[in-house]
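**Q** Sequence and predicted structure, then a few things I'm wondering about:
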Amino acid sequence: RHCVIRSNSQINMDGMQPTTAPWASQNAPVKDQAALLQEKLARARAMKPDNAVPATAPPPRVPSSGDASEGRWPMAEWPAESQQPEGADAVGGQSPPIEIPVTQVKIGDEVREFRFRAPVKRIKGKDDLKRFLSSNTYSLLQRFIVGLNDCCRGRSLQDDVHVSEGCAALIRILAALSALVDEVPPIQQPMRYGNKAFRDWMARAAEAAPGMVAEVLPEGVKGAAVEVAPYLLASFGDASRIDYGTGHEHAFLTFLAALERIGFTKEEDHPALALKVFWEYLRVARRLQLTYRLEPAGSHGCWSLDDYQMVPFLWGSSQLIGHPTLVPSSIHDAGLVKRHADDFYYMHCIKFIGEVKSGALAENSPMINDISGCGTWQRVNSGMLRMYFAEVTDKLPVIQHMLFGSIFPFE
């Protein structure tokens, strides 16, 4: 029956005209109809017909190295291989990661190689923490902290120690950051703690600090500013939570250790770093805490001893080892505390507690009160050194915020 129908209809397939668009002229060739369609689409998009986008657009062009100089697209600049956006190797089809140049730094007889880049967080869980605790980075930081603790022994904050040009530059940077507080006063808000003006201060500091750091670094390692400055910024608190704790304090120690790793400071600078530079940092931290009413990070600052700090207690107890008159129980004598608050970190911290908290130490700072029962400062210092590593550097809630780059890699 199908054959019969074909026979009766007498359809001539070879003689059929090609199908045309409804709006096309019956006599217009197919090619002219396509051009007409392009013109209509161009007018609908308020474009010139010559600039009409083809129905099938070619893939985006990968910029060449000469584009920037020719006024076209600049080359994409990834911060580092490890920070290259996911899928970046597929841009334009094939785009290899940009190679970061190696910077060699000669420290004594040792030549160190770095690929300076913005540091990132790498500790996500217990396995990462375990890896960090067995790494060379952890050992380097531990030795640095212990070294500064040892150089404080028997020394006062008022002692005349050698301050190199590098240490003096760091003190100037901290003083400049402190001066920014005058330009960003706290705002009126219903909440007692966590003044939101702190976020403005942090934004100002984030804008100024990288340039400050780059300016003081020697020519050969100026590229390290991109990696070192984030440690400095992380040492003043968290802008989103408006809090401060021992993790931020540890970030400043990492900042100092990183500068030593690249040769900006040396081991002979340890007394000045511990007694002069860190003292200036502590003054800035205290000013931020009081001006913007920063919340203690975590639970009481994650094992800080006055809701914020721990290092001043650690190094302060080292300062007092062998002191002829001051003993651990001397912290209960308000007169002695006030008299020596500018001489020893430990007494400064006890004075600070008395200014911001009410009641006796036994009520507002029971751990410090218990420590005052130790017989010697040597025993206090040994216990605090163990506590610092056990409760700060070795604890996931604190150390998960640490940043890693080429100076302190996550190995």
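**A** Looks like it came in fine.

**Q** contacts, neighbours, all on C-alpha from now
**A** Noted.

**Q** now residue 259, nearest residue through space, not along the chain?
**A** residue 265 (6.1 Å; CA to CA, 6 or more residues apart in numbering).

**Q** Go ahead and flag the most central residue of this structure.
**A** The centroid of the chain falls nearest to residue 230 when counting by CA atoms, centre = their mean (3.9 Å).

**Q** Quick check: that one vs residue 107, distance?
**A** 23 Å (CA to CA, to the nearest Å).

**Q** In contact with residue 371, which residues?
**A** 328, 380 (CA atoms under 8 Å, 6 or more residues apart in numbering).

**Q** repeat that with 7 Å
**A** residue 380 (CA atoms under 7 Å, 6 or more residues apart in numbering).

**Q** Over to residue 197?
**A** Contacts for residue 197 (CA under 7 Å, 6+ apart) come out as 184, 185, 186, 187, 292.

**Q** quick one on the thing from earlier: same question for the residue nearest to residue 259, what's its three-state structure.
**A** On the three-state scheme (DSSP: H, G, I helix; E, B strand; the rest coil), residue 265 is labelled coil.

**Q** Tell me how many other residues crowd it.
**A** For residue 265, the tally of surrounding residues (other CA atoms under 10 Å) stands at 19.

**Q** Do I have it right that it meets residue 257?
**A** No. If you go by CA atoms under 7 Å, residue 265 and residue 257 don't touch, sitting 8.8 Å apart.

**Q** Can you pull out the low-pLDDT segments for the stretch 151-300 of the chain?
**A** Scanning the stretch 151-300 of the chain for pLDDT under 70 picks out the ranges 299-300.

**Q** Swap in 80 and give it another go.
**A** Within the stretch 151-300 of the chain, the ranges that satisfy pLDDT under 80 run 298-300.

**Q** ok, which stretches of it are helices?
**A** For the stretch 151-300 of the chain, applying DSSP state H, counting those that start in this stretch gives helices covering 165-183, 197-216, 225-234, 246-261, 270-272, 278-291, 300-303.

**Q** nearest to residue 355, of those?
**A** Residue 355 sits nearest to helix 278-291 of all those, at 10.7 Å, using CA to CA.

**Q** got the angle between that closest one and helix 197-216?
**A** 160 degrees (axes from the mean of the first three to the mean of the last three CA atoms, to 10 degrees).

**Q** export helix 278-291 as CSV, just CAs?
**A** C-alpha atoms of helix 278-291 as CSV (Å, rounded to 0.1, in the frame of the first residue of the first chain):
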residue,chain,number,x,y,z
PHE,A,278,58.2,41.8,71.2
TRP,A,279,57.6,44.4,73.9
GLU,A,280,56.6,46.9,71.2
TYR,A,281,54.3,44.2,69.6
LEU,A,282,52.7,43.5,73.0
ARG,A,283,52.0,47.2,73.5
VAL,A,284,50.2,47.3,70.1
ALA,A,285,48.3,44.1,71.0
ARG,A,286,47.2,45.5,74.3
ARG,A,287,46.1,48.8,72.7
LEU,A,288,43.9,46.8,70.2
GLN,A,289,42.5,44.6,72.9
LEU,A,290,41.4,47.6,75.0
THR,A,291,40.4,50.0,72.3
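
**Q** Contact partners for the residue nearest to the centre of the chain?
**A** When the contact criterion is CA under 7 Å, 6+ apart, residue 230 has no partners at all.

**Q** that older thread, would you list the helices of the stretch 151-300 of the chain in CSV and tack on distance to residue 357?
**A** Below are the helices of the stretch 151-300 of the chain laid out as CSV (distance: least, CA to CA, whole Å):
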stretch, distance to residue 357
helix 165-183, 23
helix 197-216, 22
helix 225-234, 26
helix 246-261, 19
helix 270-272, 31
helix 278-291, 12
helix 300-303, 13
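
**Q** between those, which one is nearest to residue 351?
**A** helix 278-291 (12.3 Å).

**Q** what's the closest one in contact with?
**A** Residues beyond helix 278-291 that count as contacts (CA under 7 Å, 6+ apart) turn out to be 171, 174, 178, 186, 236.

**Q** Just flag the most distant two among those.
**A** 171 and 186 (24.5 Å).

**Q** quick one on the thing from earlier: which one of the contacts of helix 278-291 is nearest residue 142?
**A** Nearest to residue 142 among those: residue 236, at 21.1 Å, using CA to CA.

**Q** mind listing the strands for the stretch 301-411 of the chain?
**A** Ranges of strands within the stretch 301-411 of the chain are 403-404, based on DSSP state E, counting those that start in this stretch.

**Q** Nearest residue to residue 105 in space, please, no chain neighbours.
**A** Of all residues not flanking residue 105 in the chain, residue 112 sits nearest, at 5.1 Å (CA to CA, 6+ apart).

**Q** What about that neighbour, how many residues nearby?
**A** 15.

**Q** and it, what does it touch?
**A** 104, 105, 106.

**Q** Please pick the buried ones from those.
**A** The neighbour count (16 or more other CA atoms under 10 Å) marks residue 105 as buried among those.

**Q** Which ones among the contacts of residue 112 map onto strands?
**A** 104, 105, 106 (DSSP state E).

**Q** returning to that earlier point: list the buried ones in the helix or strand in which the residue nearest to residue 105 is found?
**A** Using DSSP states H and E, residue 112 sits in strand 110-114. Buried positions in strand 110-114, judged by neighbour count with 16+ other CA under 10 Å: residue 114.

**Q** Run me through the strand neighbours of the very next helix or strand once past that strand, direction for each.
**A** Using DSSP H and E, the helix or strand that follows strand 110-114 in sequence is strand 120-121. The pairing partners recorded for strand 120-121 under DSSP bridges are strand 403-404 (antiparallel).

**Q** what's in contact with the strand it pairs with?
**A** Here strand 403-404 has contacts from 119, 120, 121, 122, 410, using CA under 7 Å, 6+ apart.

**Q** Might you report the residue contacts of the third one?
**A** Looking back up the chat, that one is residue 121. So residue 121 contacts 401, 402, 403, 404 (CA under 7 Å, 6+ apart).

**Q** which of those tops the neighbour count?
**A** Highest neighbour count within the contacts of residue 121, by other CA under 10 Å: residue 403, with 22 neighbours.

**Q** Just list whatever residues bridge to that residue.
**A** Listed by DSSP bridges, the beta-bridge partners for residue 403 are residue 121.
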